[in-house]
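**Q** below are the sequence and a predicted model for it; my questions follow.
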Amino acid sequence: MSNHAYESAAALRPHRNAPIALSDLAQRFSLTPAAPADAQGINAPAPLTVTGASVDSGDIAPGELFVALPGFRAHGADYAAQAVEAGAVAVVTDEAGASIVHESCPAIPVLISADPRAIVGPLAAEIYHHPSRSLVATAVTGTNGKTTTSYFLDAMLTAHLGGCMMAGTVELRAGGLSVESPRTTVEAPVLQRMMALCVEQGVGAASLEASSHAIVLHRLGGTRIDVAGFTNLQRDHLDFHRTMEEYLDAKAQLFTPEHARRAVVCVDDSWGAALAERIARAGELPLDRVRAYGGDAPADWWVADAAVSLTDSATTFTLHGPDGVEIAASCPLPGLVNVQNAALSLVMAIRAGVPAEVAVQALATAHNIPGRMQRISQRDGTRGLTIVDFAHTPDAMELALAAVRPITPGRLIVVFGSDGDRDQGKRSMLGEVAARLADVLVITDENPRSEDPQLIRDAILDGVRSVRPDLTDVEEITTWRGDAVRRGVELCGPEDTVIVTGKGHEPFLEAAGEFIRYNDAPVMREAVDAKWGAA
Ligand SMILES: CC(=O)N[C@H]1[C@@H](OP(=O)(O)OP(=O)(O)OC[C@H]2O[C@@H](n3ccc(=O)[nH]c3=O)[C@H](O)[C@@H]2O)O[C@H](CO)[C@@H](O)[C@@H]1O[C@H](C)C(=O)N[C@@H](C)C(=O)N[C@H](CCC(=O)O)C(=O)O
Ligand SMILES: Nc1ncnc2c1ncn2[C@@H]1O[C@H](COP(=O)(O)OP(=O)(O)OP(=O)(O)O)[C@@H](O)[C@H]1O
């Protein structure tokens with residue numbers, strides 16, 4: 001996504017945000033005026049005020065403060081003229097940025113901070129009047145499961161409080177509006193203004209996803225998180241964090257009083273167990289440890305009796321908790337990984353004040369998560385089970401196919417491709433996993449980007465041949481991904497399952513330098529309705 005990815009989120013601003021004087025901000029955040037404050041008009045009889053903030057010149061509304069950050073590639077100050085043209089009335093930046101702004105916009109008031117990125121969260125929170133203090137806010141971090149868990153929490157918090165804001169990988173939702181999200185965790189001013197809109201409209205809760213990038217880059221600064229949750233840690237993002245230990249350190253920062261009031265940590269993997277130990281040793285936050293399916297680390301809550309149901313694809317389980325608590329629950333998405341997401345979200349919701357019975361009921365019906373084991377049709381004697389899922393790595397594909405196998409009495413059909421201009425090694429691995437775990441394979445394109453799609457499919461087929469040399473029950477669709485999805489549904493009988501993997505919620509298919517509007521779910525729904533009639 002580009003740095004101008006926030007344009008669609010422009011509407012997610014409070015309608016009335018009481019202006020705040022620049023001189024007050026300067027005092028509270030020890031900002032030094034680049035020129036004497038009087039000369040800049042900061043202390044004029046009618047003091048200079050701001051009504052909002054942004055770190056992106058493309059996202060400024062009139063009357064707002066532009067926070068010009070030193071970036072990895074550029075200095076935000078290089079874009080000050082654009083911000084001023086869009087209506088910025090002042091700039092906060094560092095020393096180097098102040099010199100740049102002085103050149104391009106000599107008349108604009110500038111305040112200097114030694115580390116503007118570190119203060120941008122609290123600064124935005126001040127400007128939007130600390131909206132998180134008026135909300136019940138949850139935040140989920142971890143390599144996998146953030147989106148699913150945050151949607152489970154959305155359902156539970158909505159059931160209890162009547163509404164919930166969402167900010168995560170799939171959507172930014174606030175004040176009755178929902179827009180595609182530019183990234184997992186948006187910049188601090190966007191988050192603050194969305195929460196301010198919720199407060200203005202009487203929405204009482206927020207369910208957030210916290211990426212490790214966001215934690216390190218202070219996007220959650222100034223947000224009071226009532227309950228922070230951890231799913232798991234797997235190898236990822238080592239370009240940014242260098243080592244797994246550094247990656248865990250980044251996640252661990254969320255579980256400190258600076259950000260959170262309570263911690264709920266899954267201890268199924270050794271990283272979760274280590275994190276829990278660290279939080280317990282620090283003794284600063286109340287901690288709940290949850291064991292859903294793995295390891296033998298001590299836990300306060302644990303899952304027992306997980307059983308899959310063939311009739312509704314759900315997994316029922318008992319969640320045991322402190323003081324002999326036993327909660328009978330049903331996770332609407334298949335697979336043990338979703339039991340982890342369900343158990344984590346239940347404990348987080350309970351700790352956020354949702355009555356257990358309300359949380360359990362909301363969870364049971366929260367299956368409609370965009371592109372996360374999203375059911376397009378349910379098996380009913382006539383129809384087969386059809387699903388859209390985001391699994392796009394060999395490990396995720398393995399988990400996804402393993403999850404749907406027990407709820408598939410007939411054939412398991414997988415429709416998939418692999419990314420262009422990304423990790424080439426995974427293509428044949430995806431082919432191998434699919435050939436080993438599914439019965440019928442329909443191979444297609446995912447996001448070929450600048451590559452020849454045929455070469456990507458050939459690499460997948462190499463992996464398939466390592467398991468199934470004669471390519472029995474393997475089809476290649478060379479035209480368009482939608483044709484492959486339709487073919488999968490065409491092949492599906494009432495006892496079969498079709499799972500289309502790789503793109504999940506993604507709204508575009510990237511091919512030959514173009515972003516083409518495309519999403520698997522509506523295509524699959526149309527094919528399902530055409531085959532079996534509308535449900
Ligand atoms: C590695 C990383 O996270 N980079 C973030 C960093 O960018 P940067 O330092 O390179 O920014 P830059 O391009 O040098 O620009 C410097 C400043 O000028 C501003 N600018 C830039 C251009 C312009 O026209 N106008 C303007 O105002 C930028 O907003 C920025 O504040 O600071 C920027 C805002 O200050 C972020 O937008 C940017 O996120 C980029 C876009 C990004 O792609 N981040 C990804 C890696 C990310 O955050 N991913 C995680 C999830 C990962 C996962 O779990 O898969 C996420 O939360 O989405
Ligand atoms: N708890 C989990 N453990 C391991 N894998 C999981 C878990 N939950 C979901 N997955 C798998 O990971 C993929 C992404 O799930 P989800 O979107 O919920 O996670 P995420 O952390 O938000 O990841 P992303 O940021 O890539 O969207 C899904 O395809 C699913 O198969």
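**A** Good, I have the coordinates. Numbers count the residues shown, from 1 in each chain. Ligands and ions are numbered 1, 2, ... in the order given.

**Q** hey, let's count contacts and neighbours off CA atoms from now on
**A** Will do.

**Q** list of residues touching stretch 424-437?
**A** Stretch 424-437 has contacts (C-alpha atoms under 8 Å, 6 or more residues apart in numbering) with 393-394, 397-398, 401-402, 414, 418-419, 441, 456, 459-468.

**Q** now the buried members of the residues you listed.
**A** 393-394, 397-398, 401-402, 414, 418-419, 441, 456, 459-466, 468 (16 or more other C-alpha atoms under 10 Å).

**Q** mind checking which of the residues you listed are in strands?
**A** Among those, the residues falling in strands (DSSP state E) are 414, 441.

**Q** re earlier: inside helices: which ones of the contacts of stretch 424-437?
**A** Per DSSP state H, helices hold the following members of the contacts of stretch 424-437: 394, 397-398, 401-402, 456, 459-467.

**Q** distance from the chain centre to the longest strand seen in the chain, please.
**A** Longest strand of the chain, by residue count under DSSP E: strand 301-308. The chain centre lies 26 Å from the centre of strand 301-308; the measure is C-alpha atoms, centre = their mean, to the nearest Å.

**Q** after it, which helix or strand is next?
**A** strand 315-320 (DSSP states H and E).

**Q** buried stuff in stretch 70-86?
**A** Neighbour-count burial for stretch 70-86 [16+ other C-alpha under 10 Å]: 70, 75-84, 86.

**Q** closest one to ligand 1 out of these, please.
**A** residue 76 (3.3 Å; C-alpha to the nearest ligand atom).

**Q** ok, now which ones touch the closest residue to that closest one other than its chain neighbours?
**A** Using C-alpha to C-alpha, 6 or more residues apart in numbering and skipping residues adjacent in sequence, the residue nearest residue 76 is residue 68, 4.2 Å away. Going by C-alpha under 8 Å, 6+ apart, residue 68 touches 55-56, 75-77, 79-80, 91-94, 97, 116.

**Q** quick one, phi psi at residue 104?
**A** Dihedral pair for residue 104: phi -90, psi -30, per degrees, to the nearest 10.

**Q** tally up the residues packed near it, please.
**A** 15 (other C-alpha atoms under 10 Å).

**Q** before we move on, what about residue 121?
**A** Neighbour tally, residue 121, other C-alpha under 10 Å: 24.

**Q** name the next helix or strand downstream of the helix or strand containing it, please.
**A** Residue 121 is located in helix 116-127, with elements delineated by DSSP H and E. Counting by DSSP H and E, the next helix or strand C-terminal to helix 116-127 is strand 136-141.

**Q** and the chain, which residues reach ligand 1?
**A** Within the chain, the residues that sit near ligand 1 (C-alpha under 6 Å from any ligand atom) are 2-3, 55-58, 69-76, 79, 183-185, 211, 213-214.

**Q** let's see which of the residues you listed end up in helices.
**A** 213-214.

**Q** tell me which parts of the stretch 51-200 of the chain are close to ligand 2?
**A** Counting by C-alpha under 6 Å from any ligand atom, the residues of the stretch 51-200 of the chain near ligand 2 are 143-148, 169.

**Q** re the thing from before, out of the contacts of residue 68, list just those in strands.
**A** 91-93.

**Q** how about those residues in TSV, adding neighbour count and pLDDT?
**A** Below are those laid out as TSV (neighbours: other C-alpha atoms under 10 Å; pLDDT from 0 to 100):
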residue	neighbour count	pLDDT
91	26	98
92	28	98
93	29	98
